[in-house]
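K.L.:
sequence and predicted structure, then a few things I'm wondering about:
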Amino acid sequence: MQVRVLYFASLRDRVGLREEQLDLPEGVTIAELRSRLGERHAHLAPLLDTALFSVNREFAFPEERLSHADEVAVFPPVSGGAPPTILRLTEEALDLDELLAAIVRPTTGAACVFTGVVRAVTERAEHRETTRLEYEAYAPMAEAKLRQVAEEIRERWPSVEGIAIVQRLGNLEPGTPTLLIACTAAHRDSGVFEAARYGIDRLKEIVPIWKKEVGPGGESWVEGEYVPGDIDRRT
C-alpha cells in the first residue's frame with residue numbers, strides 16, 4: 001500500500017523534504033512506521049522519539065494501523081509543549097552531535113554531556129585488558145526505568161530543559177561510546193552538571209543493563225551492589 005508522509009518544522013528541516021510517498025506492507029502500525037522512518041532517514045532518528053503523528057488530520061497512536069492512501073503527518077510537539085526528552089536503547093552507533101541538537105531549545109544556553117567509553121586497559125585495583133564489552137538489557141523494564149530517571153531529574157532540577165539518555169547494547173570495542181546522558185538548560189548554574197551526574201549514577205543503580213568484559217584473561221559479567229529500596233518505588 002502507499003501512504004503520503006508529511007514533515008513539519010524541525011523534522012522537515014532535518015529530513016530535507018516536505019513530503020514523500022512510501023510503499024508499506026498492509027496494516028503497518030504507527031510504531032512500525034516510526035521505526036522505518038528512523039532507518040530510512042538516519043539523521044532524523046533522534047527527533048522521532050518525541051515526534052507526534054497524525055493520520056488523516058487526527059492524532060495517531062503507536063498501535064494504530066495504516067491503510068492505503070492515508071495521509072500521515074509527522075511533527076514535533078506544538079509550541080509550549082513538553083520539553084524534549086530522548087530515552088533509548090540501541091545497537092546503533094551514537095551520534096553525539098545529533099542527540100545533543102535534539103534537546104537544544106531556543107532558550108538553551110548550557111549543556112552538560114556525559115559519555116561513557118569502552119576502556120582498553122583498566123588500572124583500578126588490578127591491571128586488566130579488555131578486548132570488548134558485551135551489553136545486555138531487560139529492554140521493557142530498562143525503558144521504563146530510563147523514563148523514571150528522567151522524571152526524577154525533572155523533579156529535582158525543574159530548570160532542566162532537555163534530557164537525553166541513550167544506552168548502546170551489543171558488542172562494543174575499546175574507544176566506542178557506550179552511552180550518552182545529556183541535560184540542557186538556560187544557564188550553566190541551573191543544575192545541568194548535577195543533573196547529568198545524577199543521571200549516570202541513577203542509571204547504574206536501577207536500570208537493568210549488564211555488561212560482560214571480554215579480554216585475554218577470559219570473560220566475566222560486571223555486577224553492581226545496589227539493592228533497590230522504598231526510594232525507588234514509583235507511585
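P.N.:
Noted; the coordinates are in hand. Quick caveat: nothing in here was measured; it's all calculated off a predicted structure.

K.L.:
domain assignment for this structure?
P.N.:
2-75, 85-232 (automatic domain parsing).

K.L.:
could you dump the ones you listed to TSV with mean neighbour count and mean pLDDT?
P.N.:
All C-beta spots, glycine's among them, are computed from the backbone N, C-alpha and C. Listed next are the domains of the chain as TSV, based on neighbours: other Cβ atoms under 10 Å; pLDDT from 0 to 100:
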stretch	mean neighbour count	mean pLDDT
domain 2-75	16	91
domain 85-232	16	91
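
K.L.:
ok so E26 is a strand residue?
P.N.:
No - secondary structure of E26 (DSSP: H, G, I helix; E, B strand; the rest coil): coil, not part of a strand.

K.L.:
touching, it and V3? I think so.
P.N.:
No - checked against Cβ atoms under 8 Å, the pair E26 and V3 is beyond contact range at 11.1 Å.

K.L.:
give me the common contacts of the two.
P.N.:
Here E26 and V3 have H68 as joint contacts, going by Cβ atoms under 8 Å, 6 or more residues apart in numbering.

K.L.:
start to end distance for stretch 57-67?
P.N.:
Stretch 57-67 stretches 14 Å from its first residue to its last (Cα to Cα, to the nearest Å).

K.L.:
and what of stretch 67-77?
P.N.:
Stretch 67-77: ends 24 Å apart by Cα to Cα.

K.L.:
which residues of this protein fall in helices?
P.N.:
For the chain, the helices defined by DSSP state H cover 9-15, 30-40, 45-48, 96-102, 139-156, 192-206.

K.L.:
any chance of those helices in a markdown table, with distance to A185 too?
P.N.:
Output for the helices of the chain, formatted as a markdown table (distance: least, Cβ to Cβ, whole Å):
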| stretch | distance to A185 |
| --- | --- |
| helix 9-15 | 19 |
| helix 30-40 | 27 |
| helix 45-48 | 19 |
| helix 96-102 | 13 |
| helix 139-156 | 11 |
| helix 192-206 | 5 |
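
K.L.:
quick one, which of those helices gets closest to L180.
P.N.:
Proximity to L180 (Cβ to Cβ) singles out helix 96-102 among the helices of the chain, at 5.7 Å.

K.L.:
how far out from the middle of the chain is the closest one?
P.N.:
10 Å (Cα atoms, centre = their mean, to the nearest Å).

K.L.:
who's in contact with it?
P.N.:
43, 45-47, 49-50, 84, 86, 111, 113, 115, 162, 164, 166, 177, 180, 182, 184.

K.L.:
return the alpha-carbon coordinates of that helix using PDB.
P.N.:
The C-alpha trace of helix 96-102 is given here as PDB (Å, rounded to 0.1, in the frame of the first residue of the first chain):
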ATOM      1  CA  LEU A  96      26.600  12.700  20.000                       C
ATOM      2  CA  ASP A  97      26.100  15.900  18.000                       C
ATOM      3  CA  GLU A  98      22.700  14.900  16.700                       C
ATOM      4  CA  LEU A  99      21.500  13.700  20.100                       C
ATOM      5  CA  LEU A 100      22.600  17.000  21.700                       C
ATOM      6  CA  ALA A 101      21.000  19.000  18.900                       C
ATOM      7  CA  ALA A 102      17.700  17.200  19.500                       C
END
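
K.L.:
what's the neighbour count on the nearest residue to P25 once chain neighbours are set aside?
P.N.:
Spatial nearest neighbour of P25, excluding adjacent residues (Cβ to Cβ, 6 or more residues apart in numbering): M1 at 7.5 Å. Using other Cβ atoms under 10 Å, M1 has 14 other residues around it.

K.L.:
name all residues that make contact with M1.
P.N.:
With Cβ under 8 Å, 6+ apart, M1 has these contacts: 23-26, 66-69.

K.L.:
name the nearest of these relative to E92.
P.N.:
Set against E92, the nearest of those by Cβ to Cβ is L24 (21.8 Å).

K.L.:
okay then, goodbye and thanks.
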